[in-house]
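Colleague: quick check, what structure comes out for this input:
(one chain, ligands or ions: 1)
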Amino acid sequence: MKIIVHRGAEEIGGNCIELVSGESRILLDYGTPLPRINPVTHKSENITLEQAEHKIEGLYGPGKARLDGLVISHTHQDHYGMLYGRPLNPALPVYMSEIMEEIIRITGKMGPDHKDFTAKVEYFRKEVPFTVGVFTLTPYLMDHSSSESFAFLIEAEGKKIIYTGDYRDHGHRTHAFTKFLNTKMGGIDLILTEGTQAGVETGDNEKKVMLDIEKLIKPDSGALYVMCSGQNVDLLASLGGIAARKGRFLAIDGYVALILETLKTLALKQGVKLQLPGLESEYLKVLDTPTMRNLQKYYPEAAEKISRKLVSWVWVNENPDKLIIPVRTYAQHWCRAKITNFKNAILVYSMWEGYKEDLEYQKTLEYFKARGMDAHSAHVSGHAYFSTIRKLMENKKPRHIIPIHTEHPEIFQAAFGDRVHVLQNGGEFTLD
Ligand SMILES: [Zn+2]
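Modeller: I've put the predicted structure just below:
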């Protein structure tokens with residue numbers, strides 16, 4: 001079996017990995033690269049979808065060799081974003097969960113470019129094996145900062161490979177990682193693991209960071225603004241808990257409300273009741289940001305329900321001490337137009353691995369800091385500390401390890417020795 005890491009071998013994000021067994025070929029993830037710093041101008045630069053395209057046989061049309069499928073691990077753009085580029089081969093099945101498809105479509109339509117994608121989507125379900133070409137894949141839910149994230153056990157030619165996707169064991173879903181360790185998979189030949197945070201041995205867990213944030217709220221505090229992704233539903237659930245305990249309201253925008261409602265509805269369809277803030281939560285309010293216009297346009301039915309929780313800007317400015325407001329990359333635009341009362345406001349932000357190079361995020365952060373807010377950097381990484389990666393390797397004892405999605409392959413070599421194979425983008429490894 002051959003493993004080709006087209007992208008993600010030398011950097012965080014933009015994963016695209018090909019597995020080849022005889023005539024059968026599959027791709028794992030097809031993400032957009034994160035913005036890079038231009039070495040000459042030292043400015044952040046986005047890489048266009050055209051620039052990021054890979055010329056892989058069968059990906060954009062019937063090629064000389066058949067491509068059996070593309071498997072997406074989770075709903076972060078550095079893993080699925082290329083779906084928004086040139087339409088893929090219409091005959092190529094793209095595998096994801098039902099929740100993932102919905103979240104990807106919502107994020108595209110509600111984003112600044114109102115985009116959608118066309119692809120032949122096939123659903124997988126957690127822990128239910130499915131076949132693509134000669135490969136059998138079993139998806140396992142992992143702890144990560146996206147709505148749903150999967151690792152895969154991939155079997156072919158009598159060999160077993162684990163592709164971890166993105167994972168951690170210090171968030172809300174540590175039980176998922178524990179379950180993954182406790183699942184007997186037999187002898188593992190190769191683990192393709194992410195290593196975003198490989199440079200950090202260990203750190204705080206989500207619970208501890210949330211307690212720290214809660215302590216920031218004093219009796220005379222104004223609004224608490226927390227910069228976070230609308231898809232980081234675990235963090236939003238924690239903020240909802242703080243709001244309920246502190247007698248405050250969690251004031252979200254229409255996009256976040258739609259994500260939360262969609263997740264709860266689809267999970268319930270599968271018999272799972274998710275403990276997330278929702279329209280029935282007394283502590284939940286919705287802000288009338290420009291997102292509401294998109295919601296009315298693309299999801300009128302949901303908009304109707306969500307708008308019942310809308311509050312006026314007059315009320316927001318009169319009651320900042322009652323609010324916890326999650327804000328996202330473009331928040332400075334509506335805050336500038338609508339928020340007049342920043343008295344004793346608190347800002348919690350994160351210098352996440354990818355955000356720090358995002359120009360719009362920087363601008364919003366600077367806007368908030370210029371309002372004289374009490375600013376605190378707090379961060380719960382979505383990615384495994386090295387102690388977690390070590391735990392995975394000690395548990396699964398793979399014969400070979402290929403680190404991806406990392407800037408620190410040397411840490412893997414130091415820890416795991418000859419078993420580690422460091423590839424460059426486009427590099428191949430043959431699994432005998
Ligand atoms: Zn991710």
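Colleague: measure the closest residue to Glu45 other than its chain neighbours to Ser281 for me?
Modeller: Leaving aside its sequence neighbours, Glu45 sits nearest to Asn38 (C-beta to C-beta, 6 or more residues apart in numbering; 5.0 Å). For glycine as for every other residue, the C-beta is placed from the backbone atoms N, C-alpha and C. For Asn38, the distance to Ser281 equals 44 Å [C-beta to C-beta, to the nearest Å].
Colleague: between those two, who's got more neighbours?
Modeller: Each of Asn38 and Ser281 has its neighbours counted (other C-beta atoms under 10 Å); Ser281 has more, 16 against 10.
Colleague: hmm, the more buried one is touching Gly240, no?
Modeller: Yes. Counting by C-beta atoms under 8 Å, Ser281 does reach Gly240; the two are 6.4 Å apart.
Colleague: name the residues contacting each of these two.
Modeller: Common neighbours of Ser281 and Gly240 (criterion: C-beta atoms under 8 Å, 6 or more residues apart in numbering): Leu250.
Colleague: for my notes, confirm Thr131 occurs in a strand.
Modeller: Yes. Assessed with DSSP: H, G, I helix; E, B strand; the rest coil, Thr131 lies in a strand.
Colleague: count the neighbours of Gly222 for me.
Modeller: Gly222 has 20 neighbours, counted by other C-beta under 10 Å.
Colleague: and the stretch 151-300 of the chain, which of its residues are near the ion?
Modeller: Within the stretch 151-300 of the chain, the positions lying close to the ion (C-beta under 5 Å from the ion) are Asp166.
Colleague: low-confidence ranges, the stretch 151-300 of the chain, go.
Modeller: In the predicted model, the stretch 151-300 of the chain carries no residue with pLDDT under 70.
Colleague: all strands of it, in order?
Modeller: For the stretch 151-300 of the chain, applying DSSP state E, counting those that start in this stretch gives strands covering 159-163, 190-194, 224-227, 249-252, 284-287.
Colleague: can you lay out these as TSV showing distance to Leu70 and mean neighbour count?
Modeller: Output for the strands of the stretch 151-300 of the chain, formatted as TSV (distance: least, C-beta to C-beta, whole Å; neighbours: other C-beta atoms under 10 Å):
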stretch	distance to Leu70	mean neighbour count
strand 159-163	13	22
strand 190-194	16	26
strand 224-227	32	25
strand 249-252	32	26
strand 284-287	35	23
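Colleague: next, format the ones you listed as TSV and append distance to Thr183.
Modeller: Listed next are the strands of the stretch 151-300 of the chain as TSV, based on distance: least, C-beta to C-beta, whole Å:
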stretch	distance to Thr183
strand 159-163	11
strand 190-194	14
strand 224-227	34
strand 249-252	35
strand 284-287	36
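Colleague: and the ones you listed: which comes nearest Ile103?
Modeller: Taking C-beta to C-beta, strand 249-252 is the member of those nearest to Ile103, at 15.7 Å.
Colleague: run through the neighbouring helices and strands of the closest one.
Modeller: Strand 249-252 is packed against helix 233-246, strand 284-287, strand 323-327, with contacts defined by 3 or more C-beta pairs under 8 Å, 6 or more residues apart in numbering; DSSP states H and E.
Colleague: a markdown table please, covering these and showing distance to Thr32.
Modeller: A markdown table is the format used below for those (distance: least, C-beta to C-beta, whole Å):
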| stretch | distance to Thr32 |
| --- | --- |
| helix 233-246 | 22 |
| strand 284-287 | 29 |
| strand 323-327 | 23 |
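Colleague: residues near the residue of the stretch 1-150 of the chain found nearest the ion, how many?
Modeller: Relative to the ion, the nearest point of the stretch 1-150 of the chain is His76 (3.5 Å; C-beta to the ion). Applying other C-beta under 10 Å, we find 28 other residues in the vicinity of His76.
Colleague: tell me the contacts of it?
Modeller: By C-beta under 8 Å, 6+ apart, the residues touching His76 are 31, 146, 166, 231.
Colleague: got a winner among the residues you listed for most neighbours?
Modeller: Asp166 leads the contacts of His76 on contacts (other C-beta under 10 Å) with 27 neighbours.
Colleague: state the distance from the closest residue to it other than its chain neighbours to Glu57.
Modeller: Closest residue in space to Asp166, ignoring its immediate chain neighbours: His144 at 4.8 Å, by C-beta to C-beta, 6+ apart. Separation of His144 from Glu57 (C-beta to C-beta): 31 Å.
Colleague: could you do Glu206 as well?
Modeller: For Glu206 relative to Glu57 (C-beta to C-beta), the value is 42 Å.
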